[in-house]
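S.K.: got a sequence here, can you build the structure:
(one chain, ligands or ions: 2)
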Amino acid sequence: MESQITIRPMGKTDLTVTVPGSKSYTHRMLICAALADGLSQVKNGLVSEDTLLTMNALNKMGVSVRNEGGGFWVNGLGGSLGRYEDPIHLGNSGTTLRLMCAVAAMGVGTYTLTGTERMQQRPILDLAQALEQLGVPVETTNGCPPIKIQGTAVKGGKVSINCGVSSQYLSALLLIAPYTQDGMEIAVTEGPVSKPYIDMTVSVMKAMGVEIKRDGHTWFSVPGQSQYQAGEYMVEADASGASYFWGAAAITGATIRVAGTHSASCQGDSRFAYILKSMGCRLDETQEGLAVAGRDLKGITVDMGNMPDVAPTLAVVAAFAKGETRIENVGHLKAKESDRITAVVTELKKMGVQASCTDDSMTIMGGKPEGAVIDTYDDHRIAMSFAVAGLLTPGVVINNPSCVDKSFPNFWEEWEKLY
Ligand SMILES: O=C(O)C1=C[C@@H](OP(=O)(O)O)[C@@H](O)[C@H](O)C1
Ligand SMILES: C=C(OP(=O)(O)O)C(=O)O
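M.R.: Ligands and ions are numbered 1, 2, ... in the order given. The predicted model follows:
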């Protein structure tokens with residue numbers, strides 16, 4: 001792929017696009033199927049850089065996972081895992097790294113999980129401390145990866161965890177809890193941020209045969225000595241990936257339906273369509289999927305603590321709305337693939353947009369953005385969000401467009417359908 005892509009103005013006014021399977025569902029189903037006993041099929045699973053990293057990590061730990069026919073086949077070992085002594089490289093996939101830390105804790109021998117330079121700056125201390133409370137020896141590097149985890153027969157019991165930075169820590173504990181001797185009673189001391197991802201974890205566990213008791217998002221009780229059921233599982237369309245097409249409709253006035261998306265989804269990012277509605281768009285939901293029809297947009301104030309991955313999409317849409325938009329409660333954006341608060345505001349300013357930020361918010365004044373060469377910080381969401389701007393503003397050039405491979409490898413081919 002070229003090192004830059006120039007975005008052309010929007011072509012069509014009414015269309016349906018297809019996005020791949022959800023990244024978050026795919027990671028979870030691969031892990032649960034690896035812990036189940038027997039053969040599972042994860043249909044419509046996302047095949048991308050990050051989910052292949054989860055697949056490879058599971059393979060290294062002795063579980064046979066293959067990608068075939070637009071999904072995955074997993075031969076689960078009923079909770080046993082093999083030894084793997086070399087470092088396991090997990091790119092910049094935060095979800096893989098955090099969830100696989102808990103899986104490693106159930107293995108044999110010592111595992112070292114590491115990733116890119118940026119991944120080595122993304123925090124993991126709170127998860128490490130929770131694993132230590134459960135008797136798992138863990139060593140981090142200044143609270144970040146590389147992280148060494150010694151596999152142990154995890155007994156379980158009471159554990160508290162701070163999820164003020166990432167919900168992935170709690171998802172990690174929940175996923176292995178059924179395989180402990182005594183089960184787990186988990187108290188969340190701060191947060192969690194990104195709550196819908198916890199609900200997604202609970203719903204996958206339930207679909208695969210494990211029931212959880214909970215009090216909102218602050219207390220969870222998972223029975224021990226239980227198992228996930230091997231079987232056939234279906235991954236729904238990725239709502240975060242849909243956000244770029246819904247955003248495209250919002251600013252251009254087109255109507256864009258994203259096949260397979262629906263408002264009852266457990267993916268918090270499906271609510272993005274409703275944020276666009278509150279800015280003036282119309283929504284139309286059919287069996288085929290949820291469509292956004294663009295209208296004159298007005299700025300809003302919105303808490304995006306539960307949908308961090310689509311905050312950059314909204315920031316770009318907001319640059320085309322009338323008045324000011326404030327995106328609040330998104331401090332955790334600073335710990336993503338890039339510092340997304342700084343990245344978004346810097347790139348919007350290059351387009352002549354009045355944008356500012358604090359440690360946990362962004363403020364964008366809508367207007368008439370100008371063309372610019374956009375740096376993407378090796379962050380797929382920055383590339384895809386700013387592509388939206390180029391549909392209305394001539395001269396938007398996206399640097400390093402192949403960084404979309406992390407979550408949406410055929411993004412640019414799907415984008416061509418807009419013309
Ligand atoms: O559990 C998951 O699948 C995810 C949780 C979120 O992270 P945080 O909980 O760290 O905000 C989200 O940003 C990430 O893309 C996927
Ligand atoms: C934050 C993201 O992913 P991860 O945490 O898995 O790297 C993302 O996809 O936007």
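
S.K.: residue 172 contacts residue 96, doesn't it?
M.R.: No. The criterion here is Cβ atoms under 8 Å, and residue 172 misses it with residue 96 at 10.6 Å. Using the backbone N, CA and C atoms, a C-beta is placed for each residue, glycine as well.

S.K.: show me where the stretch 301-419 of the chain has strands.
M.R.: Here the stretch 301-419 of the chain has its strands, by DSSP state E, counting those that start in this stretch, at 301-303, 324-328, 354-357, 362-365, 372-374, 396-399.

S.K.: may I have the residues that are in contact with the residue in the stretch 1-150 of the chain that ligand 1 sits nearest to?
M.R.: Closest to ligand 1 within the stretch 1-150 of the chain is residue 24: 3.2 Å, counting by Cβ to the nearest ligand atom. Residue 24 makes contact with 95, 197, 200, 267, according to Cβ atoms under 8 Å, 6 or more residues apart in numbering.

S.K.: which residue is nearest the centroid of the chain?
M.R.: Closest to where the C-alpha atoms of the chain average out (Cα atoms, centre = their mean) is residue 24, at 5.5 Å.

S.K.: distance of residue 156 from ligand 2?
M.R.: Applying Cβ to the nearest ligand atom, to the nearest Å, the value for residue 156 to ligand 2 is 26 Å.

S.K.: what about that residue, how many residues nearby?
M.R.: For residue 156, the count of nearby residues is 23 (other Cβ atoms under 10 Å).

S.K.: now it: how far from residue 174?
M.R.: According to Cβ to Cβ, to the nearest Å, residue 156 and residue 174 sit 12 Å apart.

S.K.: what touches both of those two?
M.R.: residue 184.

S.K.: just the helices in this structure please.
M.R.: 23-35, 49-60, 94-105, 125-133, 168-176, 195-207, 239-252, 272-278, 311-318, 340-350, 380-390, 411-415 (DSSP state H).

S.K.: for residue 245, what are its contacts?
M.R.: 17, 19, 256, 258, 414.

S.K.: now, those that are in strands?
M.R.: 17, 256, 258 (DSSP state E).

S.K.: now residue 148. Nearest residue, chain neighbours left out?
M.R.: residue 139 (4.4 Å; Cβ to Cβ, 6 or more residues apart in numbering).

S.K.: what's the local residue count around that neighbour?
M.R.: 13.

S.K.: do the same with residue 4
M.R.: Look at residue 4: counted by other Cβ under 10 Å, it has 12 neighbours.

S.K.: in this structure residue 124 contacts residue 142, no?
M.R.: No. With contact defined as Cβ under 8 Å, residue 124 does not count as touching residue 142 (10.2 Å).

S.K.: mind checking pLDDT for residue 356?
M.R.: Residue-level confidence at residue 356 comes out at 98, pLDDT.

S.K.: circling back to that earlier point, redo the helices of the chain as TSV? Include distance to residue 182 and mean pLDDT.
M.R.: Formatted as TSV, the helices of the chain follow (distance: least, Cβ to Cβ, whole Å; pLDDT from 0 to 100):
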stretch	distance to residue 182	mean pLDDT
helix 23-35	17	98
helix 49-60	25	98
helix 94-105	15	98
helix 125-133	13	98
helix 168-176	13	98
helix 195-207	17	98
helix 239-252	36	98
helix 272-278	40	98
helix 311-318	39	99
helix 340-350	39	98
helix 380-390	39	98
helix 411-415	45	98
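
S.K.: pull out the buried positions in stretch 171-183.
M.R.: Neighbour-count burial for stretch 171-183, counted by 16 or more other Cβ atoms under 10 Å, picks out 171-180, 183.

S.K.: touching ligand 2 at all, that stretch?
M.R.: No. Using Cβ under 6 Å from any ligand atom, stretch 171-183 stays clear of ligand 2, with a minimum separation of 10.8 Å.

S.K.: burial of the residue lying closest to residue 14 once chain neighbours are set aside, as a residue count?
M.R.: Spatial nearest neighbour of residue 14, excluding adjacent residues (Cβ to Cβ, 6+ apart): residue 255 at 4.7 Å. As a burial measure, residue 255 scores 18 neighbours (other Cβ under 10 Å).

S.K.: and residue 255, how far from residue 291?
M.R.: For residue 255, the distance to residue 291 - Cβ to Cβ - is 6 Å.

S.K.: ligand 2 contacts on the protein?
M.R.: By Cβ under 6 Å from any ligand atom, the residues of the chain that approach ligand 2 are 50, 92-95, 309, 336-337, 381, 407.

S.K.: among those residues, who's most crowded?
M.R.: For those, neighbours were counted by other Cβ under 10 Å; the highest total belongs to residue 381, with 31 neighbours.

S.K.: contacts only, for the nearest residue to that one once chain neighbours are set aside.
M.R.: Counting by Cβ to Cβ, 6+ apart, residue 381 lies nearest to residue 312, which is 5.0 Å off, once chain neighbours are set aside. Under the criterion of Cβ under 8 Å, 6+ apart, the neighbours of residue 312 are 333, 340, 343-344, 381-382, 385.

S.K.: and which of those residues is nearest to residue 247?
M.R.: Of all these, residue 385 has the smallest distance to residue 247: 7.4 Å, by Cβ to Cβ.

S.K.: now do the same contact list for that closest one.
M.R.: Taking Cβ under 8 Å, 6+ apart, one finds 244, 247, 312-313, 315-316, 344 in contact with residue 385.

S.K.: got those residues as TSV, with distance to residue 419 columns?
M.R.: Output for those, formatted as TSV (distance: Cβ to Cβ, whole Å):
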residue	distance to residue 419
244	15
247	17
312	23
313	20
315	24
316	19
344	26
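
S.K.: so which of those is the closest to ligand 1?
M.R.: Of those, the one sitting nearest to ligand 1 (Cβ to the nearest ligand atom) turns out to be residue 312, at 11.2 Å.

S.K.: distance check, the closest one against residue 122.
M.R.: Relative to residue 122, residue 312 is positioned 17 Å away (Cβ to Cβ).

S.K.: ok, now which ones touch whichever residue of the chain sits closest to ligand 2?
M.R.: Residue nearest to ligand 2 within the chain (Cβ to the nearest ligand atom): residue 94, separated by 2.7 Å. By Cβ under 8 Å, 6+ apart, residue 94 lies in contact with 119, 122, 166, 168, 336-337.
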